[in-house]
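**Q** Next comes the sequence, and after it the predicted model I'd like to discuss.
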Number of protein chains: 2
Amino acid sequence: MASSDTGGPRVAVIGGGLVGALNACFLAKRNFQVDVYEAREDIRVAKSTRGRSINLALSYRGRQALKAIGLEDQVVSKGVPMRARMIHSLSGKKSAIPYGNSSQYILSISREKLNKDLLTAVESYPNAKVHFGHKLSKCHPEEGVVTVLGPDQVPRDVTYDLIVGCDGAYSTVRAHLMKKPRFDYSQQYIPHGYMELTIPPKNGEYAMEPNCLHIWPRNAFMMIALPNMDKSFTCTLFMPFEEFENLPTNYDVLNFFQKNFPDAIPLMGEQALLRDFFLLPAQPMISVKCSPFHLKSHCVLMGDAAHAIVPFFGQGMNAGFEDCLVFDELMDKFNNDLSLCLPEFSRFRIPDDHAISDLSMYNYIEMRAHVNSRWFLFQRLLNRFLHAIMPSTFIPLYTMVAFTRIRYHEAVLRWQWQKR
Amino acid sequence: MASSDTGGPRVAVIGGGLVGALNACFLAKRNFQVDVYEAREDIRVAKSTRGRSINLALSYRGRQALKAIGLEDQVVSKGVPMRARMIHSLSGKKSAIPYGNSSQYILSISREKLNKDLLTAVESYPNAKVHFGHKLSKCHPEEGVVTVLGPDQVPRDVTYDLIVGCDGAYSTVRAHLMKKPRFDYSQQYIPHGYMELTIPPKNGEYAMEPNCLHIWPRNAFMMIALPNMDKSFTCTLFMPFEEFENLPTNYDVLNFFQKNFPDAIPLMGEQALLRDFFLLPAQPMISVKCSPFHLKSHCVLMGDAAHAIVPFFGQGMNAGFEDCLVFDELMDKFNNDLSLCLPEFSRFRIPDDHAISDLSMYNYIEMRAHVNSRWFLFQRLLNRFLHAIMPSTFIPLYTMVAFTRIRYHEAVLRWQWQKR
């Protein structure tokens, strides 16, 4: 059942989500023998996927990583460009604030579609195989040994040259690294939970401006909406858990929306809003940091397993995809020598992933605080003015993060300097 | 094999170290049925204890906790009072800086002796039992179920009204809480390791001033020495791991001591210094924070399991002991109602334990930075002066931490205000 033998080094990718599947493509392209272990069934054939699909904002870093494995055009064609934030004030007034110039936009992408495409891409390599329904039960990261439980529930030990932990915010691989000496780790839950709601198409068309990321900033809470290809929008309501608990009945929920998001009620429809609201409880958001990302020359973490971040800068997937690209670049530089590449990946990449984690947490505060569009507009005008008079030295923070590959930690340093 | 039935609530204390044993006394005094599970053998009968005994500095908070279970006098009688820091400069000059007035001193205590006394105290309660050689293999903290492995290696499930995790910096109980939603956690290793060395008695007497905590501050590294009852001193050398690795041979070690601690070599003796230095590798130091300390009404963490701190304020044991005392005070206040007491313990105690954790990390920087005695002397003089002119409002930070029960987080706030 293993991938066909190319004579290349053997690698186990733990997790067949977005970052795991992308990484498998990078490593297979490098002629490694790749086994991807994914605990869930194949989402391309399974009837319903557990948990909820969220749409994601794909920006430059993520696109560059997809480009390197030849998937950029295919993925972009299935996304909806978002060229501006659309701020919805309490009065119903809407103000569009462009992300950049006309060529600078982010893409609203379906997580599920992208994951399916990436899994199909992995399987196009004869030297890569995805083992669905295979759960990592434990691993010995120092020796490259993983113990996997297949559908037969019989634990099997397999030895690899490299274990790549792409198993998400609650990573099992990371849990094993944590037991090793001198591994720094932190996890922090924010007081907010999130809940997904839907704005369906209206007369077969988008019910709001399609090429925007819609934002309803309301201080203690906030709602956003991203367009889908089927002309619906997926809304995400961010709110402290206590506030969610204060809304136990249909009456409370409608009252709350009437008071805070009156323009959204007719767009969602009262009955659909109430059905979505009580479908699932609000979900928690965790921020995870760790250091190092690797153990010796046999194990490395990428994506949420290495740095789960809060979603308020739209960089979670992009940072994870850039991890794969950075690792690929280092493998070129060090001629596939894992004993050099892994420590260098930790040394080089950790400051950047910690920086985007901090920026995302900063935005968690900022985005909610500015209740109306004035702050957004002022920032935009200020940035345009400064960029106009100093085009090479002044680049707005959002531009650096979303539309360049300037290292995240350098973007933060430049931004702090620019603020002064 | 369980403790005798008093009809009181049943509690499992995980860990029979200092905090676990003290807690067992508090809970047994309260008429709970207490089972302490300790993975090691009974240190009172085992031939040699694994790991190394460190002496500890007992100050006011720890003494107040011991007093509440009637052990203060016994413990104090086995300690050596330390009334001043003795700063050893590179030139060999020594300067004594008192900790406070003549009634204010801390006590150098043997960890092993204290642990033995506390275990004997636990066993003096008919409703308490210590199960040595019993390891927690897993637990269900929400239901109060623990699975313990005794010497027969047969896992046994036992249900309790309360599980108290006192199982140290690498707590198994905490690892189970970490899997629950919305548990914040961080662990950080500092770049320094520590190593214990010995200054034996000289002609049957202390080789240095006995009633002092001796400090050799040397910027990147530092050595301290605490007096023992047998007239020896235990020295602890703190140094970055890389520096330890730079000293692979006898020649390197002696050279290093000659250059940095010339006055210590004759006190230790060259051969004994070299024997101690290469006996064990340098040990890591971890700082652990988490929140909350409890889960529902069945599980609570105390001591290092809740907040492992770096040892540079000498408050690790004292903070852990004060945890037990605070919990005891809350149990009085809430009439043993665990469903009220546990959440209140988290709410009330976490700001204090996080404050002493931050202060200890701050001292890690400060103590090394001030290479000679001038800074210590200046601080002391400034504090005395301010305290003399504002006796009720200005209390030096060290005094608040070591000689009062002013809440740690209040001490920090007052200190920050005083600094201005």
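**A** Arrived safely.

**Q** So which bits of the stretch 51-200 of chain A are right by chain B?
**A** Residues of the stretch 51-200 of chain A lying near chain B by C-beta under 8 Å from any C-beta of the partner chain: A:178, A:181-189. Backbone N, C-alpha and C define where each C-beta goes, glycine included.

**Q** ok, so of those residues, who is nearest chain B?
**A** Using C-beta to the nearest C-beta, A:S186 comes nearest to chain B of those, at 3.5 Å.

**Q** Can you name the residues bridging to the closest one?
**A** As for beta bridges, A:S186 partners with A:K289, B:S186 under DSSP bridges.

**Q** and if you look at A:C212?
**A** Bridge pairing for A:C212 - DSSP bridges - gives A:A84.

**Q** quick one: pLDDT of it?
**A** With respect to pLDDT, A:C212 scores 96.

**Q** Pull the number of nearby residues for A:S124.
**A** Using other C-beta atoms under 10 Å in any protein chain shown, A:S124 has 10 neighbouring residues.

**Q** One more: A:L330?
**A** By other C-beta under 10 Å, neighbour count at A:L330 equals 18.

**Q** which SSE is it in?
**A** A:L330 is part of helix A:316-333 when elements are defined by DSSP states H and E.

**Q** Now do the helices in the stretch 251-400 of chain A.
**A** Along the stretch 251-400 of chain A, counting by DSSP state H, counting those that start in this stretch, helices occupy A:264-268, A:270-277, A:304-307, A:316-333, A:338-369, A:373-389, A:397-403.

**Q** out of those helices, which comes closest to A:N219?
**A** Closest approach to A:N219 among those is made by helix A:338-369 (5.7 Å; C-beta to C-beta).

**Q** Could you confirm whether any residue of that closest one contacts chain B?
**A** No - judged by C-beta under 8 Å from any C-beta, helix A:338-369 stays clear of chain B, getting no closer than 13.0 Å.

**Q** what does stretch A:222-240 give?
**A** No - Stretch A:222-240 stays clear of chain B (C-beta under 8 Å from any C-beta), getting no nearer than 11.9 Å.

**Q** Lowest average confidence across the helices of the stretch 251-400 of chain A, which one?
**A** helix A:373-389 (a mean of 70).

**Q** Assumed A:R61 was part of a strand.
**A** No - read with DSSP: H, G, I helix; E, B strand; the rest coil, A:R61 is helix and lies in no strand.

**Q** Name the stretch among the helices of the stretch 251-400 of chain A that sits most buried.
**A** Ranked by mean neighbour count under mean count of other C-beta atoms under 10 Å in any protein chain shown, the helices of the stretch 251-400 of chain A are led by helix A:304-307, which reaches a mean of 28.

**Q** So which elements touch it?
**A** Helix A:304-307 is packed against helix A:172-178, strand A:283-291, helix A:316-333, helix A:338-369, with contacts defined by 3 or more C-beta pairs under 8 Å, 6 or more residues apart in numbering or on different chains; DSSP states H and E.

**Q** right, and these - which one's nearest A:A21?
**A** Of the helices and strands packed on helix A:304-307, the one closest to A:A21 (C-beta to C-beta) turns out to be helix A:316-333, at 9.9 Å.

**Q** so what does that closest one touch, helix or strand wise?
**A** Using 3+ C-beta pairs under 8 Å, 6+ apart, helix A:316-333 is in contact with helix A:18-29, strand A:55-58, helix A:60-68, helix A:304-307, helix A:338-369.

**Q** so what's A:F26 closest to, chain neighbours aside?
**A** For A:F26, ignoring the flanking residues on the chain, the nearest one in space by C-beta to C-beta, 6 or more residues apart in numbering or on different chains is A:D328 at 4.8 Å.

**Q** swap in A:Y185?
**A** Nearest residue to A:Y185, sequence neighbours excluded (C-beta to C-beta, 6+ apart): A:C290, at 4.6 Å.

**Q** burial measure for that neighbour, as a count.
**A** 25.

**Q** Domain-wise, how is chain A divided?
**A** Domains of chain A are assigned by automatic domain parsing as A:10-82+A:109-187+A:285-365, A:191-283, A:374-419.

**Q** what does stretch A:171-187 contact?
**A** A:14-15, A:136, A:138-142, A:163, A:165, A:167, A:286-292, A:295, A:299, A:301, A:304-306, A:308, B:178, B:183-189, B:284 (C-beta atoms under 8 Å, 6 or more residues apart in numbering or on different chains).

**Q** For ChimeraX, write the select line for the buried members of these.
**A** Provided next is the ChimeraX selection string for whichever of these are buried by 16 or more other C-beta atoms under 10 Å in any protein chain shown:
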select /A:14,15,136,139,141,163,165,167,286,287,288,289,290,291,292,295,299,301,304,305,306,308 /B:178,183,184,185,186,187,188,189
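
**Q** Look through the stretch 201-350 of chain A and state the residue closest to chain B.
**A** A:P284 (5.7 Å).

**Q** That residue touches A:G193, doesn't it?
**A** Yes - if you go by C-beta atoms under 8 Å, A:P284 and A:G193 touch, sitting 5.8 Å apart.

**Q** Common neighbours of the two, please.
**A** Shared contacts of A:P284 and A:G193 (C-beta under 8 Å, 6+ apart): A:F241.

**Q** Where does the prediction get shaky in the stretch 101-250 of chain A?
**A** Within the stretch 101-250 of chain A, not a single segment meets pLDDT under 70.

**Q** all strands of it, in order?
**A** A:106-110, A:128-132, A:135-140, A:145-149, A:155-159, A:162-165, A:184-199, A:212-218, A:221-227, A:233-240 (DSSP state E, counting those that start in this stretch).

**Q** just the angle between the fifth one and strand A:145-149, please?
**A** Taking axes from the mean of the first three to the mean of the last three C-alpha atoms, to 10 degrees, strand A:155-159 and strand A:145-149 form an angle of 150 degrees between their directions.

**Q** Sheet-wise, list the partners of strand A:155-159 with their directions.
**A** Looking at strand A:155-159 with DSSP bridges, its partner strands are strand A:145-149 (antiparallel).

**Q** what do you get for the second one?
**A** Strand A:128-132 has these partner strands in its sheet, going by DSSP bridges: strand A:33-38 (parallel).

**Q** okay, the angle between the partner strand and helix A:18-29?
**A** Angle, strand A:33-38 to helix A:18-29, by the same axes, to 10 degrees: 170 degrees.

**Q** Quick one: mean pLDDT for strand A:33-38?
**A** For strand A:33-38, mean pLDDT rounds to 98.

**Q** where's it relative to the chain centroid, distance-wise?
**A** Distance of strand A:33-38 from the chain centroid (C-alpha atoms, centre = their mean, to the nearest Å) equals 21 Å.

**Q** List of residues touching it?
**A** A:2-6, A:8-17, A:20-21, A:24, A:27-28, A:122, A:125, A:127-136, A:146, A:148, A:158, A:160.
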